[in-house]
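> Sequence plus the predicted model coming up.
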Amino acid sequence: MVGEDHVKELLANSYESLKSDMEELAKSSFDHTYAADKWSIQTLIRHCIDAEIIFMSRALSIARNDHNKIRSFNENEYAKESIADYQKDALIEEFLQIRKANLLLFRSFKDEWLTSRKGKTENGDTISLPSIAYIIIGHWLHHKKVLTDKYGIYFKK
């Protein structure tokens with residue numbers, strides 16, 4: 001879903017795409033859910049923001065050669081604890097700022113780190129800096145597809 005360019009270029013492109021996606025999403029009611037007990041659009045966006053912050057922390061940890069295990073998180077618990085009446089514009093701005101921060105963080109990494117620095121998860125898996133960049137980009141693409149398939153929101157190509 002993400003493509004095969006250099007991760008720094010992919011993140012730059014993803015930021016531009018996300019801006020377009022948010023312009024389209026802003027036309028929707030953020031209180032909308034597609035079924036009972038499913039996330040509202042605002043909860044889904046809050047989840048994407050939370051996840052990007054966590055992915056950013058993981059990337060920084062790996063880049064700085066922190067040898068502590070990378071912790072997992074329970075997305076449903078985070079979502080449950082993030083239920084609030086968010087302002088649509090504030091959520092959109094925060095999401096764009098977090099993606100921009102991720103773009104800038106990855107730009108600050110030496111290219112050699114992208115091929116050499118890896119971290120270990122608490123499950124014992126190895127994860128690389130490029131993997132995290134792909135996850136950051138792909139995570140939104142996954143939820144964008146959910147917004148189209150389940151919520152009926154269509155985005156510009």
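Received, thanks. Numbering: from 1, shown residues only.

> count of residues packed around residue 108?
For residue 108, the number of neighbouring residues by other C-beta atoms under 10 Å comes to 11. All C-beta atoms are positioned from the backbone trio N, CA, C, and that covers glycine.

> what's the pLDDT at it?
With respect to pLDDT, residue 108 scores 97.

> What is the distance between the least confident helix or strand in the chain by mean pLDDT and the centre of its chain?
Within the chain, no helix or strand scores below helix 75-81, which has a mean of 85 by mean pLDDT, DSSP states H and E. Offset of helix 75-81 from its chain centre (C-alpha atoms, centre = their mean, to the nearest Å): 15 Å.

> Stretch 23-42 too?
Counting by C-alpha atoms, centre = their mean, stretch 23-42 is centred 17 Å from the centre of its parent chain.

> Show me which positions of it end up buried.
25, 30, 33, 39, 40, 41, 42 (16 or more other C-beta atoms under 10 Å).

> Which pLDDT value belongs to the second one?
This means residue 30. pLDDT, residue 30: 94.

> check contacts around it.
40, 41, 42, 45, 86, 88, 91 (C-beta atoms under 8 Å, 6 or more residues apart in numbering).

> between those residues, which is closest to residue 147?
Distance to residue 147 across those (C-beta to C-beta) is lowest for residue 41, with 7.2 Å.

> Now do the nearest residue to that closest one once chain neighbours are set aside against residue 83, distance only.
With C-beta to C-beta, 6 or more residues apart in numbering as the criterion, residue 41 has its nearest non-adjacent residue at 4.6 Å, and that residue is residue 30. Look at residue 30 and residue 83: by C-beta to C-beta, to the nearest Å, they are 13 Å apart.

> Show me which residues of the longest helix seen in the chain are buried.
Assignment by DSSP state H gives helix 41-63 as the longest helix of the chain. Residues of helix 41-63 classed as buried by neighbour count (16+ other C-beta under 10 Å): 41-52, 54-56, 58-59, 61-63.
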